[in-house]
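Engineer: I'll drop the sequence and a predicted model, then ask my questions.
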Amino acid sequence: MDLTIFGKIIREKRNALHLKQEDLSAKSGVAIKTIHSIEMGKGNPAIKTILRIFDTLELDFIVVSAKSL
C-alpha cells in the first residue's frame, strides 16, 4: 500500500468535511501527531488507528486500499 496516496485520501476527505486535524483527532480519538504523520505518508499506523480514522471520515477501507495499491 502506498502510504503517500493513502495519506492524501485521508487529508482530502478531512478537508472536504471542513475538519481540522484537531477536529479529526477529537472525533476519532487518534493523536494529532499520528494524523499528521499519516497524512504526510510517514510512519506505520496500526490497522486499529486507520479504522478509527476511516470510521470518523466515513471512508470505506476496501475502496481506499484498492486506490492506494
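Structural biologist: Received, thanks.
Engineer: element containing the spatially most central residue of the chain, please.
Structural biologist: Nearest to the geometric centre of the chain sits residue 10, at 4.0 Å (C-alpha atoms, centre = their mean). According to DSSP states H and E, residue 10 maps onto helix 3-16.
Engineer: give the rounded mean pLDDT of stretch 39-49.
Structural biologist: pLDDT averaged over stretch 39-49 equals 91, rounded to a whole number.
Engineer: quick one: contacts of it?
Structural biologist: Contacts to stretch 39-49, defined as C-beta atoms under 8 Å, 6 or more residues apart in numbering, come from residues 2-8, 10-11, 14, 21, 30, 34, 37-38. (Each C-beta comes from the backbone N, C-alpha and C, glycine too.)
Engineer: buried members of those residues into ChimeraX, please.
Structural biologist: A single ChimeraX command suffices to select whichever of the contacts of stretch 39-49 are buried according to 16 or more other C-beta atoms under 10 Å:
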select :3,6,7,8,10,11,14,21,30,34,37,38
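Engineer: quick check, nearest of the contacts of stretch 39-49 to residue 52?
Structural biologist: Using C-beta to C-beta, the shortest approach to residue 52 within these belongs to residue 30, at 5.5 Å.
Engineer: which phi and psi does residue 43 have?
Structural biologist: Residue 43 adopts backbone torsions of phi 80, psi -180, taken as degrees, to the nearest 10.
Engineer: follow-up on the earlier one: tell me how far the residue nearest to the centre of the chain lies from residue 21.
Structural biologist: Here residue 10 is placed at a distance of 10 Å from residue 21 (C-beta to C-beta, to the nearest Å).
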